[in-house]
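S.K.: Sequence isn't available, so here's the structure alone:
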């Protein structure tokens, strides 16, 4: 049973107090803007507020387009059927409970977002009162929670978002008393805690990563929902969010990449899109943000390239590797007139959510028809992608990064790569571990295998971690039929290295060369590692990896005398045990200076002979005009 509402009525201020609040709110948001965040605050930000409800993301006029898509487009019809089935399950589910997992209410907040969006949209499309009644019950249930857990503000922002959508979309189904209770909850449990952060210069309002977009986005949507009832507070929140969010939006510069990895690209970009979409529907403007942020306008490009051919991403940082769906790609496709983003979202597998249906876009012919480049480099995040073909599950796909170990959610993984071929992932990134491990984001972070350097497909020296403050630029990139490649300067990754460069090359679009050139300050054991789910057969300087009928041959081209070996990838519990994963390794004891070149060749049947000549990385650049990258 939903808890009884215990929301205290908020008295409307007197005229003098109202004027004072207006002045304070304007001054606070102007102060944020003066601190260096554009665009500047506007005391008239609510002048264009759409009157009445609904006004957030899904206007009534938009629903006619959605119904037309369901009638005309088979995939939209599938989305609708899947969402209706999910809504019917939600009708039967018990109400959410206030339950922390570790230090977070986030799982409950996200469940509220999904339930209210799904039930609310299906009610608005189909008119099924059972969906509306269940959504209202969930809305009142979470409003009765004692708080929305502001000590972990993502929880608060997401719950504010969920309740705001419920209030806006189900406004006509709520009684006056219920509306009052919901508004009071949004104010007391969402907006006022956020105002304390903005007033006090709280850290997430100054951050440049996903926390910024999620917190600003969720809270701003709450402000837009109740701006009629609380105009001064809403104006303050909207001005403060507008001043803060450019800090994070600039992080996509210059090419649309995201340092936190593909998982947090999705989280950050999705909430940024929620925010912009809500501004557009509620105010008729995105406040100039989209035009002012060219890197963000390219964010969809990054997802096109970080998704490989087998439904897995290049999941560096704290990220899982499943592609899943990203409804924000539909919004970006329609808003920026980029049909290729829509094609990509339709091609992805996974359960659709309400916004996949709301923003559905049937356009886009695909990468073959539109001749997308096979290879791409993303500066800023220093990530490169190479592939042999589009729209081919058997294609070779390489993701490779330099990057910055200081980035939020980073692992100590400079130089890491993943490899797909023949429908399999051969070189895996294990991703993050359980966030509830002791001090996962604290002083034990670099003790956990999946975050340590040894847990990645890169080099270690004497088994030591990379420098947590190090960064590594890509210094060269080329895309030619004979040799597509990227080279990273990893010299600062390890305090033991005087010089270290790693190049990955896709040769003739059929095999991959991993080449390291290293000079150490003092002799040390160099260890080369590839994490794989494959069965491995060793034969000196060659190793055969096998998954089903598909094979990958690894051959050491240099130095002579080096041999492959295997090692466990299983750390002590309670860390993830990495079941089925083995480390393929090369160890070079007392290494001082030289080159390690390993050729990876996917095949079925008989393997071709490894007949590649090894040339210096400098020669790769010299033989390919235009491949050197500036700073």
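M.R.: Yep, it's here. A quick note: this is a predicted structure, and the numbers were derived from the prediction, not measured.

S.K.: what's the pLDDT at the closest residue to residue 472 other than its chain neighbours?
M.R.: Sequence neighbours aside, residue 402 is the residue nearest to residue 472 in space, at 3.5 Å (criterion: Cβ to Cβ, 6 or more residues apart in numbering). C-beta: built from backbone N, CA, C; applies to glycine. In this prediction, residue 402 carries a pLDDT score of 98.

S.K.: so residue 402 makes contact with residue 488?
M.R.: Yes: the criterion here is Cβ atoms under 8 Å, and residue 402 meets it with residue 488 at 3.9 Å.

S.K.: Please enumerate the shared neighbours of the two.
M.R.: By Cβ atoms under 8 Å, 6 or more residues apart in numbering, residue 402 and residue 488 have these common neighbours: 382, 414, 415, 472, 473, 474.

S.K.: hey, what's the fourth one bridged with?
M.R.: Yep, that's residue 472 we're talking about. As for beta bridges, residue 472 partners with residue 403 under DSSP bridges.

S.K.: Tell me the spacing between it and residue 292.
M.R.: Separation of residue 472 from residue 292 (Cβ to Cβ, to the nearest Å): 30 Å.

S.K.: again, but for the second one
M.R.: Taken as Cβ to Cβ, the spacing of residue 414 relative to residue 292 amounts to 31 Å.

S.K.: Which one of these two is surrounded by more residues?
M.R.: residue 414 (30 against 15; other Cβ atoms under 10 Å).

S.K.: roughly how far apart are that one and residue 401?
M.R.: Counting by Cβ to Cβ, the gap from residue 414 to residue 401 is 7 Å.

S.K.: which residues do those two both contact?
M.R.: residue 488.

S.K.: quick one: residue 422 and residue 550 touch, right?
M.R.: Yes: the pair residue 422 / residue 550 is scored as a contact, 4.0 Å apart, by Cβ under 8 Å.

S.K.: Now for these two: what residues contact both?
M.R.: 602, 604.

S.K.: how close does residue 256 get to residue 220?
M.R.: Noted for residue 256: a distance of 23 Å to residue 220, by Cβ to Cβ.

S.K.: tally of neighbours for the residue lying closest to residue 563 once chain neighbours are set aside?
M.R.: Residue nearest to residue 563 in three dimensions, not counting chain neighbours: residue 540, with 5.2 Å by Cβ to Cβ, 6+ apart. Applying other Cβ under 10 Å, we find 11 residues neighbouring residue 540.

S.K.: surely residue 540 meets residue 561?
M.R.: No: Residue 540 is beyond contact range of residue 561, at 9.4 Å (criterion: Cβ under 8 Å).

S.K.: which ones are touching residue 480?
M.R.: Taking Cβ under 8 Å, 6+ apart, we find residue 480 in contact with residue 624.

S.K.: Please, which helix or strand holds it?
M.R.: Using DSSP states H and E, residue 480 sits within no helix or strand.

S.K.: Not counting residues beside it along the chain, what's closest to residue 564?
M.R.: residue 543 (4.3 Å).

S.K.: Doesn't the one you found belong to a strand?
M.R.: Yes: counting by DSSP: H, G, I helix; E, B strand; the rest coil, residue 543 is found in a strand.

S.K.: Would you confirm that it contacts residue 551?
M.R.: No: in terms of Cβ under 8 Å, residue 543 does not count as a neighbour of residue 551; the distance is 10.6 Å.

S.K.: Looking at these two, which one has more neighbours?
M.R.: Each of residue 543 and residue 551 has its neighbours counted (other Cβ under 10 Å); residue 543 has more, 26 against 23.

S.K.: OK, contacts around that one?
M.R.: 536, 537, 553, 554, 564, 584.

S.K.: Across the sheet, point out what pairs with it.
M.R.: Beta-bridge partners of residue 543, as defined by DSSP bridges: residue 538, residue 554.

S.K.: count of residues packed around residue 60?
M.R.: Counted with other Cβ under 10 Å, residue 60 comes out at 10.

S.K.: Distance of it relative to residue 124?
M.R.: Using Cβ to Cβ, we find residue 60 at a distance of 8 Å from residue 124.

S.K.: Repeat that for residue 594.
M.R.: As defined by Cβ to Cβ, residue 594 lies at a distance of 66 Å from residue 124.

S.K.: quick one: the helices in the stretch 151-300 of the chain?
M.R.: Residue ranges of the helices in the stretch 151-300 of the chain, as given by DSSP state H, counting those that start in this stretch, are 153-169, 176-186, 192-199, 203-206, 210-225, 231-244, 246-249, 262-283, 289-292, 294-297, 299-306.
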